[in-house]
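Visitor: any chance you could fold what I've pasted below:
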Amino acid sequence: MRYKPLFTGIFTAFAICSAGFLNIQNPLPVKATTSVDLNISQNGLDFICSLEGYSATCYWDYSQSSIGYGTKCPYSSVQPHKSGLHTTTKAQAQTAMQSGINTNYALKVKNQTKGLEMNQNQFDALTSLAYNCGGGLNRIYNCPLTKYLRGELTASTARTQYSNYIVYAGGTYNKGLYNRRVKEANLFFTEEYIQKPSTASISIDSPRKVFDITENITFSFSADYADCYYLGIDCNGTRISTPKIEDGNTYTQMFDQPGHYSVYVTAYNTYGTVDSAPVEFDITFPDEIPHWCEISAQNGRTLFKAGEPVSFDLTSDNAEFFVFRVMRENAIIGSAPVTRKDDAYPYQTAFNTAGTYIVYASAYANGYSVDSQKLILEIRDSDVLGDINSDTLINTDDLLLMQNYLQQKGSLTKTQSQFADMNQDGICNIYDFIALKQKLLSSEN
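Guide: Numbering: from 1, shown residues only. Next up is the predicted model:
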């Protein structure tokens, strides 16, 4: 074939390549051999197939009419054919491409690299070049990748020079050919066996499922063997954009159209693609949803006595009401609605059974909700106020800890300060010391 840009129907080509050329896996030789011992691998066929693209009808390709995966139309003449004049099936196109490579282009690679050691990926990359430019006029022999094999260029220099090797079509610089050279170099310098992506995933960097039109949403995605990603963004069932991400694995966008969104990622490399499961979310106006929800226990305490009243403060923006939830052993064991009142949303409850509990709140507005962080509470059968050392006993050891703290002879941890705050005013001072001493005297009597 002759020089040609990448076929515009790239996604169609990917699907066809995946169906036709990804059934055989040929790992690299354990030790590099000479080119005479190698033939195009299945990976090499897939690679060329994805770069060429598939056309069921013939088209003019600068100097000939091509068809299928870039092979010469068997009915071609010097002049361009009328578009659609001749047709081919996928199977016919695959057979024609592989036959042309085996009988022509692979042989040119072997002839122009005689005696040079190379691995399978290197042979496949050079065969792709031959298939693209014809391989004549010593184009394989003189290419920077072959010079690297002869020891005439370093790897970095060969890469740089090769990216601009035969990148003109019809006398005009062609970015598609430049991209092809880069991908061929990547294959050439890859020592491991490459295959198409098999798994892909996408997530939103937020636990929320509803956002407003003023917020940026960041997506994170990953896949095995991916060179780049495409996002499929749908709003109310209609595709609105398909951004391409070539660097990194995150994408951030603000959506100014309210509605229900579904976003998935397509992971791509030169051997094929794979789609992730979609993530779904809603976009609405700022004043219609709660954006955040917070919950805090009284004075930041996390340890309470069974049956002791525990007060919580619930806060949010735009909340119509809250739901307070209690979990134990990863299961919700209770919930209660809390009606919004002015700007304060207090809630009080008690835990009658000792154990570890998780509590959180959900703020609701217009059918949307957002959850708060989760608090872990420890409930004991014994009293906790005054048990500064958390040994389940309240005695002179605790009194001594508080005395040393007040005399600046020792310190208390955050948890110990909570248990030393006998009157629950948020600070530990002489009044708490007096209260603890009185509590000990009362217990002795």
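Visitor: tell me how the chain divides into domains.
Guide: 10-188, 200-287, 293-380, 396-444 (automatic domain parsing).
Visitor: in CSV: these, plus mean neighbour count and mean pLDDT.
Guide: All C-beta spots, glycine's among them, are computed from the backbone N, C-alpha and C. Compiled in CSV, these are given as follows (neighbours: other C-beta atoms under 10 Å; pLDDT from 0 to 100):
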stretch, mean neighbour count, mean pLDDT
domain 10-188, 18, 82
domain 200-287, 16, 93
domain 293-380, 16, 89
domain 396-444, 15, 87
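Visitor: want to throw these into JSON lines with distance to Asp387?
Guide: As requested, the domains of the chain are exported to JSON lines (distance: least, C-beta to C-beta, whole Å):
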{"stretch": "domain 10-188", "distance to Asp387": "65"}
{"stretch": "domain 200-287", "distance to Asp387": "35"}
{"stretch": "domain 293-380", "distance to Asp387": "8"}
{"stretch": "domain 396-444", "distance to Asp387": "6"}
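Visitor: of those domains, which is nearest Gly386?
Guide: domain 396-444 (5.0 Å; C-beta to C-beta).
Visitor: what residues are up against Ser163?
Guide: Contacts of Ser163 were listed using C-beta atoms under 8 Å, 6 or more residues apart in numbering, and they are Tyr178, Arg181, Val182, Ala185.
Visitor: and the first one, what element?
Guide: Using DSSP states H and E, the element containing Tyr178 is helix 175-188.
Visitor: which strand residues bridge the residue lying closest to Arg340 once chain neighbours are set aside?
Guide: In this structure, Arg340 finds its nearest non-sequential neighbour in Phe321, 5.3 Å apart by C-beta to C-beta, 6 or more residues apart in numbering. Beta bridges link Phe321 to Thr339, Tyr364, judged by DSSP bridges.
Visitor: Gly68 now?
Guide: Ser55.
Visitor: verify the stated contact: it with Gln92.
Guide: Yes - with contact defined as C-beta atoms under 8 Å, Gly68 counts as touching Gln92 (6.8 Å).
Visitor: hang on, the earlier thing: distance of the residue nearest to Arg340 relative to Ala365?
Guide: 8 Å (C-beta to C-beta, to the nearest Å).
Visitor: cool, Leu51 as well?
Guide: 52 Å.
Visitor: then Gly237?
Guide: On the measure of C-beta to C-beta, Gly237 and Ala365 end up 25 Å apart.
Visitor: go on, Tyr405?
Guide: Relative to Ala365, and taking C-beta to C-beta, Tyr405 is found at 45 Å.
Visitor: again, but for Asn104
Guide: Relative to Ala365, and taking C-beta to C-beta, Asn104 is found at 69 Å.
Visitor: ok, now Gly176?
Guide: 51 Å.
Visitor: same check, this time on Arg340
Guide: Taking C-beta to C-beta, one finds Arg340 at 9 Å from Ala365.
Visitor: now do the shared contacts for the two.
Guide: Going by C-beta under 8 Å, 6+ apart, residues that sit against Arg340 and also against Ala365 are Ala319, Glu320.
Visitor: the strands in the stretch 151-300 of the chain, which residues?
Guide: 168-169, 172-173, 200-204, 210-212, 216-223, 228-235, 238-241, 244-245, 250-254, 259-269, 272-275, 279-284, 293-297 (DSSP state E, counting those that start in this stretch).
Visitor: which residues touch stretch 109-123?
Guide: With C-beta under 8 Å, 6+ apart, stretch 109-123 has contacts from 26-29, 32-36, 38-41, 43-44, 126-127, 130, 135, 138, 140-141, 145-146, 149-150, 187-188, 190-191, 194.
Visitor: in the protein, which spans are helices?
Guide: Along the chain, the segments classed as helices by DSSP state H run 10-21, 42-52, 90-100, 106-112, 120-133, 144-149, 155-162, 175-188, 396-406, 414-420, 430-444.
Visitor: compare the ones you listed and give me the one nearest Met327.
Guide: helix 414-420 (21.6 Å).
Visitor: mind giving me the packing neighbours of that closest one?
Guide: If contacts are counted by 3 or more C-beta pairs under 8 Å, 6 or more residues apart in numbering; DSSP states H and E, helix 414-420 sits against strand 303-305, helix 396-406.
Visitor: tabulate these (TSV), appending distance to Ser276.
Guide: Output for the helices and strands packed on helix 414-420, formatted as TSV (distance: least, C-beta to C-beta, whole Å):
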stretch	distance to Ser276
strand 303-305	43
helix 396-406	55
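Visitor: of all the ones you listed, which one is nearest Ala169?
Guide: strand 303-305 (74.6 Å).
Visitor: so what strands line up beside the closest one?
Guide: Strand 303-305 has these strand partners (DSSP bridges): strand 375-380 (parallel).
Visitor: CA atoms only: put the strand it pairs with into CSV for me.
Guide: Output in CSV follows, covering the C-alpha atoms of strand 375-380 (Å, rounded to 0.1, in the frame of the first residue of the first chain):
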residue,chain,number,x,y,z
LEU,A,375,-18.6,8.3,64.2
ILE,A,376,-17.5,5.2,66.2
LEU,A,377,-18.8,5.2,69.7
GLU,A,378,-17.9,2.8,72.5
ILE,A,379,-20.6,2.1,75.1
ARG,A,380,-19.7,0.6,78.5
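Visitor: having no further points to raise, I will conclude here.
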